[in-house]
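In: for reference, the sequence and a predicted model appear below.
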Amino acid sequence: MADNKHEAIYFIFGATGDLARRKLFPALYSLYVEGKLGERFAIVGLARRPRTDEQFRDDVKASIEEFCRYKPKEAEGWDAFVGHFTYQSLDTGNVEAFRQLKTHTERLEAAYDIPGNRLFYLALAPELFGSVSRNLREGGMLESTGWHRLVIEKPFGYDYPSAERLNEEIRQVFREDEVFRIDHYLGKEMVQNIEVIRLSNAFFEPLWNNNHIANVQITLAETVGVEERGAYYNKSGALRDMVQNHMLQMLTMIAMEPPSRLDPEDIRDEKVKVLRSVRVMETAGEIAENIVRGQYAEGSAKGKALKGYRQEDSVDPASGTETFFAARLFVDNFRWAGVPFYVRTGKRLPVKSTEIVIEFKNVPNNVLFAKKQDLQPNLLVIRVNPMEGIYIKFNAKKPGNDMTVQPVAMEFCQSCQVGLNTPEAYERLIFDAVRGDHTYFTRWDELAVAWKLIDPIAAAWRQEPEGLQFYPAGSWGPEKADRLLAREGYFWWPVNGQEEDNVIWVTASK
Ligand SMILES: NC(=O)C1=CN([C@@H]2O[C@H](COP(=O)(O)OP(=O)(O)OC[C@H]3O[C@@H](n4cnc5c(N)ncnc54)[C@H](OP(=O)(O)O)[C@@H]3O)[C@@H](O)[C@H]2O)C=CC1
Ligand SMILES: O=C1O[C@H](COP(=O)(O)O)[C@@H](O)[C@H](O)[C@H]1O
């Protein structure tokens with residue numbers, strides 16, 4: 001890095017928590033190994049429990065050994081890296097602790113010759129965001145001459161009113177351009193690839209509309225259960241944990257118009273326009289017809305018995321929280337009128353896989369074929385996670401004397417090419433925040449519209465709690481989720497890990 005605009009102190013609030021351990025420390029180490037942090041930086045861990053610098057560095061090392069794609073022993077400079085970490089015990093409500101932090105910070109800036117740039121990463125429960133913002137200001141932490149950036153985690157609020165209050169609290173201290181609201185799905189390689197796939201290919205771009213696309217399917221399936229996260233999850237459920245953010249973000253990336261410039265604000269403007277076009281479902285009838293919610297009950301996977309959600313230790317045994325969500329959505333604009341977007345996400349499903357399927361309309365089954373055959377539709381499948389790649393399915397002649405058509409598939413397996421070394425979402429997003437690039441962060445107006453889509457659904461569910469459907473852990477969720485598509489003659493296409501029997505692979509990168 002040639003200038004000093006990227007040299008900064010990183011303040012990790014919630015440094016003893018799960019997110020810091022599994023994602024943030026490993027991301028910072030990868031950035032360091034790749035030279036993206038430079039040498040003039042410091043990382044300050046903050047949380048209530050006491051830790052010495054040495055203990056904290058041991059925690060960081062353990063986290064990197066377990067979760068980072070670079071291992072400490074493999075790369076040079078480990079000792080130099082970990083020496084950049086210090087820890088201060090701090091309660092977010094205690095302004096005096098922020099004054100002590102200021103003294104500590106100024107010492108670090110002098111020691112590393114850092115020009116006052118400060119990045120505050122709040123890996124904390126959202127109800128603490130307001131007090132941290134206030135105390136950063138009251139404690140004098142925003143008085144340096146460099147830039148100040150606030151990176152905040154999801155969920156941003158619980159509904160529109162709480163999100164708005166939270167936003168107001170933050171905005172009393174930080175300008176919108178200083179706020180980076182993370183949705184880690186936007187940092188994923190294949191989510192960022194959606195626009196490139198769409199817009200740089202002559203065989204996709206002209207077809208990207210309701211004349212040619214029959215439906216879009218977005219699946220975010222997880223094998224994990226809720227386990228010890230019940231305290232958080234019970235209040236959020238799949239609707240707030242996944243749909244309000246990750247699922248809607250993927251939908252907007254598929255549906256948005258090409259921006260007129262590659263400027264973060266132009267891109268985010270286009271995303272907001274899509275969200276504004278998503279049909280709001282308000283009546284109980286519309287919601288019951290188009291949305292399915294489920295909760296996993298006892299079941300099994302790979303021969304192992306699995307608890308139901310209500311039997312998890314951290315969960316209320318009478319909980320009505322949904323762990324599965326499926327919906328049929330519409331984007332009511334010129335490009336997408338009439339095209340159903342089927343989305344589903346759930347915990348304790350049979351495979352871990354996030355995939356987006358674009359199903360194209362069939363060509364007329366014309367005279368070329370001596371006998372009428374049921375043509376299979378062309379598919380473009382974007383594999384987001386954990387496998388990254390693109391898969392297309394089309395029709396070709398079956399070798400032989402007659403015109404029998406068979407589906408064939410071609411795959412670009414990005415994970416096979418790049419292996420495990422594709423950067424983690426958090427690496428990209430932290431680096432973007434340091435560079436001040438907002439493209440893959442959520443703007444307040446995007447969030448506001450997203451909540452306005454979600455709130456009526458949550459309200460309808462509160463009115464009719466009996467609509468929750470139970471599914472065995474290890475299954476694909478309530479059958480009603482299949483019926484959402486079946487009534488239009490569609491079905492969920494198998495995702496990676498579920499085999500398709502009748503497809504011939506014409507390339508074999510598998
Ligand atoms: N974990 C994950 O994979 C993901 C998490 N998130 C979001 O990230 C945020 C953090 O999640 P996660 O790490 O899982 O949560 P954890 O409960 O594991 O960690 C919370 C952290 O906050 C600290 N903390 C709590 N209260 C205070 C306080 N008053 N003052 C200072 N520190 C405090 C805790 O440390 P101590 O007890 O020592 O104070 C701990 O370090 C949440 O908003 C979550 O929704 C988002 C996506 C994924
Ligand atoms: O934000 C969240 O995402 C994870 C799933 O993320 P992925 O990158 O592993 O697909 C989910 O498990 C968690 O409940 C949610 O808070």
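Out: Great, that's in hand. Ligands and ions are numbered 1, 2, ... in the order given.

In: regarding the spatially most central residue of the chain, what is its secondary structure?
Out: Most central in the chain under C-alpha atoms, centre = their mean is residue 185, positioned 2.4 Å from the mean C-alpha point. Residue 185 carries the three-state label helix when classified by DSSP: H, G, I helix; E, B strand; the rest coil.

In: which residues does it contact?
Out: In this structure, residue 185 makes contact with 191, 245-246, 249-250, 384, 425, judged by C-beta atoms under 8 Å, 6 or more residues apart in numbering. The C-beta positions use only the backbone N, C-alpha and C, and glycine is treated the same way.

In: now, the most widely separated pair of those residues?
Out: Of all pairs drawn from the contacts of residue 185, the one with the largest separation by C-beta to C-beta is 245 and 384; the distance is 14.4 Å.

In: sorry, back to before: roughly how far does the residue nearest to the centre of the chain sit from residue 194?
Out: Note on residue 185: its distance to residue 194, by C-beta to C-beta, to the nearest Å, is 11 Å.

In: shared neighbours, those two?
Out: Shared contacts of residue 185 and residue 194, defined by C-beta under 8 Å, 6+ apart, are found at residue 250.

In: so how far is ligand 1 from residue 226?
Out: 12 Å (C-beta to the nearest ligand atom, to the nearest Å).

In: that residue and residue 314 touch, don't they?
Out: Yes. Using C-beta atoms under 8 Å, residue 226 is in contact with residue 314, at 7.1 Å.

In: higher neighbour count, these two?
Out: When neighbours are counted by other C-beta atoms under 10 Å, residue 226 comes out ahead of the other of residue 226 and residue 314, with 24 against 13.

In: tell me which residue of the stretch 151-300 of the chain lies closest to ligand 1.
Out: residue 153 (3.6 Å; C-beta to the nearest ligand atom).

In: tell me the contacts of that residue?
Out: Applying C-beta under 8 Å, 6+ apart as the definition, the contact partners of residue 153 turn out to be 19, 122-124, 126, 182.

In: residue 258 should be in a strand, yeah?
Out: No. Using three-state DSSP, the assignment for residue 258 is coil, not a strand.

In: touching, it and residue 196? I think so.
Out: No. Judged on C-beta under 8 Å, residue 258 makes no contact with residue 196 at a distance of 11.4 Å.

In: am I right that residue 407 is in a helix?
Out: No. Residue assignment for residue 407, taken from three-state DSSP, gives strand, which places it outside any helix.

In: quick check: residue 109 touching residue 116?
Out: Yes. Counting by C-beta under 8 Å, a contact exists between residue 109 and residue 116, whose distance comes to 6.4 Å.

In: for whatever residue of the stretch 401-510 of the chain ends up closest to ligand 2, phi and psi?
Out: Distance from ligand 2 to each residue of the stretch 401-510 of the chain (C-beta to the nearest ligand atom) is smallest for residue 425, at 6.8 Å. Residue 425 has phi and psi values of phi -50, psi -40 when expressed as degrees, to the nearest 10.

In: the one 4 residues further on too?
Out: Backbone dihedrals for residue 429, given as degrees, to the nearest 10, come out at phi -70, psi -40.

In: residue contacts, it?
Out: Contacts were defined as C-beta under 8 Å, 6+ apart; by that measure residue 429 touches 151, 180, 182, 184, 186-187, 440-441.

In: any idea how far residue 31 is from it?
Out: In this structure, residue 429 and residue 31 are separated by 11 Å, where distance is defined by C-beta to C-beta.

In: same deal with residue 224?
Out: For residue 224, the distance to residue 31 under the criterion C-beta to C-beta works out to 27 Å.

In: those two: who's more crowded?
Out: Comparing residue 224 with residue 31 by other C-beta under 10 Å, the one with more neighbours is residue 31, at 22 against 10.

In: need the three-state assignment for that one.
Out: In terms of secondary structure, residue 31 is helix; the call rests on three-state DSSP.

In: contacts only, for it.
Out: For residue 31, the set of contacting residues under the criterion of C-beta under 8 Å, 6+ apart consists of 37, 427, 430-431.

In: got any ranges where the chain has weak pLDDT?
Out: Within the chain, the ranges that satisfy pLDDT under 70 run 1-4, 74-76, 365-372, 418-422, 499-510.

In: tell me who's in contact with the residue of the stretch 401-510 of the chain closest to ligand 2.
Out: Each residue near residue 425 by C-beta under 8 Å, 6+ apart is listed here: 184-188.

In: check the gap between it and residue 39 for me.
Out: Between residue 425 and residue 39 the distance, using C-beta to C-beta, works out to 25 Å.
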